[in-house]
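Engineer: Quick one, structure for this:
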Amino acid sequence: MSEAHAPQHSDFDSLLPAAQLNRREFVTTLAAAGFALAVQPVQASTLIRTDDSGLDTGNTTIDVAGTALPVYFARPAGSKNLPIVLVVQEIFGVHEHIRDVCRRFAKLGYLAIAPELFVRQGDPSTLDNVGAILSGIVSKVPDAQVMADLDACAAWAPSKGGNPDRLTITGFCWGGRITWLYAAHNPRLKAGVAWYGRLDGAPSENNPQHPLDVAAKLHAPVLGLYGGQDQGIPLDDVEAMKSALASANSPSTFVVYPDAPHAFHADYRPSFRATEAADGWQRALEWFKRHAA
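Structural biologist: Sure, this is the predicted structure:
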């Protein structure tokens, strides 16, 4: 990433007022930025903030079968024929970190779109523990609904200068799993980058298949970025996915960072690993350039 386009670290300058805040005011400000109470404390010392200078950014809604789907978008102001990147949230929703990722892509010439994929099931920013988010919201979200919402975002993108022949997707944690599934769903997709998304699991009504089940059906190559110390995704699953992809002669591939935990890209959380995150980001950009130029 060039220095001119590099996101800048701050001491939370853009999220917190200059005056010192008490705990209640601090938590209220974090909630306004969309950070779920379940991931407190947010790590102010490592939070990256990308400004919107030269960008067209904002919130809007897209109609999906009668539902107004909220989306955040960012793009270079006044540009056309832009590569499109769908940015898929973690279980914590579209908060300031996800919006910042969109701005990072926009600074590099992308139309980035982050839809609120839990809008029908609930708002994770209001919940104070991961278990409640998983059981009360995430478990109720059908994969088919998510695929339809992402298709709607892809169809909307040309109205904002996006080129439908340069469609890509990236996602983190929950969104990493969705990235693999979307690569098997949309034949117009050119490339995907999945950050530590679950690869296997028990099938359910809402989640009938997992990435291992669709490895032979991918329409686009996916780069998987995973942590060797991820306690939630066994390396055996990564090896199984590699074997399934090889059997299908897929160009998809993995990079496993031996010392990285889950969520190593999440610069607002203690799990953040700057070196691995920077390397993964550069690999993601190169992957998209190679497959969606």
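Engineer: Identify the residue nearest residue 137 in space, chain neighbours excluded?
Structural biologist: Counting by C-beta to C-beta, 6 or more residues apart in numbering, residue 137 lies nearest to residue 122, which is 4.2 Å off, once chain neighbours are set aside. (Each C-beta comes from the backbone N, C-alpha and C, glycine too.)
Engineer: now residue 290
Structural biologist: Residue 290 sits nearest to residue 191 (C-beta to C-beta, 6+ apart), 7.6 Å away.
Engineer: tally of neighbours for the residue nearest to residue 137?
Structural biologist: Neighbour count for residue 122, taken as other C-beta atoms under 10 Å: 17.
Engineer: tell me the SS of it?
Structural biologist: coil (DSSP: H, G, I helix; E, B strand; the rest coil).
Engineer: swap in residue 158?
Structural biologist: The three-state label given to residue 158 by three-state DSSP is helix.
Engineer: ok, it touching residue 167?
Structural biologist: No - the pair residue 158 and residue 167 does not pass the contact test of C-beta atoms under 8 Å, sitting 10.3 Å apart.
Engineer: Which of those two has more residues huddled nearby?
Structural biologist: residue 167 (25 against 15).
Engineer: Look up phi and psi at the more buried one.
Structural biologist: phi -90, psi 130 (degrees, to the nearest 10).
Engineer: repeat for residue 288
Structural biologist: With angles defined as degrees, to the nearest 10, residue 288 sits at phi -70, psi -40.
Engineer: re the thing from before, quick one: contacts for the residue nearest to residue 137?
Structural biologist: Residues in contact with residue 122 (C-beta atoms under 8 Å, 6 or more residues apart in numbering) are 136, 137, 140.
Engineer: Who are the contact partners of residue 107?
Structural biologist: By C-beta under 8 Å, 6+ apart, the neighbours of residue 107 are 5, 50, 54, 55, 76.
Engineer: meant to ask about residue 170
Structural biologist: Going by C-beta under 8 Å, 6+ apart, residue 170 touches 85, 86, 87, 88, 179, 192, 193, 194, 195, 284.
Engineer: does the third one count as helix, strand or coil?
Structural biologist: In other words, residue 87. Three-state call for residue 87 (three-state DSSP): strand.
Engineer: Apart from its neighbours in sequence, what residue is nearest it?
Structural biologist: Per C-beta to C-beta, 6+ apart, closest to residue 87 is residue 114, 4.3 Å.
Engineer: Do me a favour and average the pLDDT over the host helix or strand of the one you found.
Structural biologist: For residue 114, the host element (DSSP states H and E) is strand 111-115. Regarding strand 111-115, the rounded mean pLDDT is 98.
Engineer: Neighbours of the residue nearest to residue 166 when sequence neighbours are not counted, how many?
Structural biologist: Distances taken as C-beta to C-beta, 6+ apart put residue 83 closest to residue 166, at 3.9 Å, once the chain neighbours are dropped. Look at residue 83: counted by other C-beta under 10 Å, it has 23 neighbours.
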